[in-house]
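Engineer: predicted structure and sequence below. I'll ask about it afterward.
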Amino acid sequence: EVQLVESGGGLVKPGGSLRLSCAASGFTFSSYSMNWVRQAPGKGLEWVSSISSSSSYIYYADSVKGRFTISRDNAKNSLYLQMNSLRAEDTAVYYCARDLFTSSGWPDYWGQGTLVTVSS
Amino acid sequence: DIQMTQSPSAMSASVGDRVTITCRASQGISNYLAWFQQKPGKVPKRLIYASSSLQSGVPSRFSGSGSGTEFTLTISSLQPEDFATYYCLQHNSYPLTFGGGTKVEIK
């Protein structure tokens, strides 16, 4: 069974840093691209970042470019999001997701999310 | 960057109603569009991929159509479990972009 479990969220002051982790199990992690998607309280979904299976290709939303860094450790079956220079508008539940999109019908998988609150 | 404009942002409908939600892309995205459903307190779930293909296990009352810049999600006969928020996602190019969402509420 595919499982994605996020951790690392919490309360941080503006300008601070946080590192989110996503532990993957139940599939060959090293074969899949992975994504971070966030959702501010009461708001819609926002794609944050994607990383290819071997980390060769990395993409960011304009809203986080230069402040957030996505990475992965295939040996540890883990995905990360290093978040620096945090702002109030980064407050959200952060989800890691596999197969966010597909052309062949593979199901999507999401973690339960971890809440990041940026407040003084 | 490609902007996805979703409409309406909210709607009230009754059980049995036919519901149509629209997403417009700011430039052509072929059929690189997916639709997601999110219920309160739950993670999103993809319903439709490649604009019109039904995800396995999703009821056939859901359908998607469109190509290029205009896309629709249709629920042919709204059921009580369909009251949720729906999002489109374009994956033609990065940055990926979601539509703003459509909240379908009970009339």
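Structural biologist: The structure has been received and is ready for your questions. Bear in mind that the values here come from a model prediction, so they are computed numbers and not experimental data.

Engineer: not counting sequence-adjacent ones, nearest residue to residue A:57?
Structural biologist: Counting by CB to CB, 6 or more residues apart in numbering or on different chains, residue A:57 lies nearest to residue A:51, which is 7.2 Å off, once chain neighbours are set aside. (Each C-beta comes from the backbone N, C-alpha and C, glycine too.)

Engineer: so that neighbour makes contact with residue A:69?
Structural biologist: No. Applying CB atoms under 8 Å as the test, residue A:51 and residue A:69 come out as separate, 10.0 Å apart.

Engineer: can you name the residues of chain A that neighbour chain B?
Structural biologist: Residues of chain A lying near chain B by CB under 8 Å from any CB of the partner chain: A:35, A:37, A:44-47, A:50, A:59-62, A:95, A:100-103, A:105, A:107-108, A:110-113.

Engineer: repeat that for 6 Å
Structural biologist: For chain A, the residues in contact with chain B (CB under 6 Å from any CB of the partner chain) are A:44, A:45, A:47, A:59, A:61, A:101, A:102, A:103, A:108, A:110.

Engineer: any of these buried? List them.
Structural biologist: Buried members of the residues of chain A next to chain B, scored by 16 or more other CB atoms under 10 Å in any protein chain shown, are A:44, A:45, A:47, A:59, A:61, A:101, A:102, A:108, A:110.

Engineer: partners of the most centrally placed residue in chain A in the sheet?
Structural biologist: Nearest to the mean C-alpha position of chain A, by CA atoms, centre = their mean, lies residue A:36 at 2.8 Å. Taking DSSP bridges as the rule, residue A:36 bridges to residue A:49, residue A:96.

Engineer: quick check on residue A:106: phi, psi?
Structural biologist: phi -60, psi 140 (degrees, to the nearest 10).

Engineer: again with residue A:110
Structural biologist: phi -130, psi 150.

Engineer: excluding covalently adjacent residues, which one is nearest to it?
Structural biologist: residue B:43 (4.0 Å).

Engineer: neighbours of the one you found, just the number please.
Structural biologist: Neighbourhood size, residue B:43 [other CB atoms under 10 Å in any protein chain shown]: 19.
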